[in-house]
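Novice: need coordinates for the below:
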Amino acid sequence: MAKAIHMMVRVLDLARSERFYRDVLGLTVADRFDFDSFTLVYLRNAEADFEVELTLNKGRQQPYTHGDGYGHVAFAVDDLDAEHRRIRELGYAPNDIKEFFRDGALMARFFFVQDPDGYKIEILQRHGRYR
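Specialist: Predicted structure coming up:
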């Protein structure tokens, strides 16, 4: 059986991205590998083995395009309202909290925030299938 281990995003500024993922999601550097033309930084927290891999291609100046295929990565939290407020107070711009219903029952409460390179991150209230 396959196990999800990481997702990778290309970034322009490692320090800025590390700060965002630390401040917003509590992810810290688990490993860093520097090569001649690129650097890989793996971020994680105590909640899961799953990591976010930041890839810096040295010398790149232009922002990356995301095309129309990338959607988002999702993280679950215990208190969505408190996280939304905390992230907003850090100076990031989370979208408003949304509620999604199916057959008259709450399926999900969530909001989106973008990292410094424009990647969408969904923050969900732990509930139902979103644990």
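Novice: need phi/psi at residue 5.
Specialist: Dihedral pair for residue 5: phi -120, psi -30, per degrees, to the nearest 10.
Novice: make 9 the first number, not 1, from now on.
Specialist: New numbering, starting at 9: the last item is residue 13.
Novice: surely it touches residue 56?
Specialist: No - at 10.3 Å, residue 13 and residue 56 do not qualify as touching, with contact defined as CB atoms under 8 Å. To be clear about C-beta, it is placed using only N, CA and C from the backbone, and glycine gets the same treatment.
Novice: what's the domain layout of the chain?
Specialist: In the domain annotation for the chain, the residue ranges read 9-69, 79-139 (automatic domain parsing).
Novice: can you list the ones you listed in a markdown table and add mean pLDDT and mean neighbour count?
Specialist: Formatted as a markdown table, the domains of the chain follow (pLDDT from 0 to 100; neighbours: other CB atoms under 10 Å):
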| stretch | mean pLDDT | mean neighbour count |
| --- | --- | --- |
| domain 9-69 | 95 | 14 |
| domain 79-139 | 95 | 14 |
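Novice: in contact with the residue lying closest to residue 45 once chain neighbours are set aside, which residues?
Specialist: Ranked by CB to CB, 6 or more residues apart in numbering and with sequence neighbours excluded, the top spatial neighbour of residue 45 is residue 66, at 5.5 Å. The contact partners of residue 66, taken as CB atoms under 8 Å, 6 or more residues apart in numbering, are 44-47.
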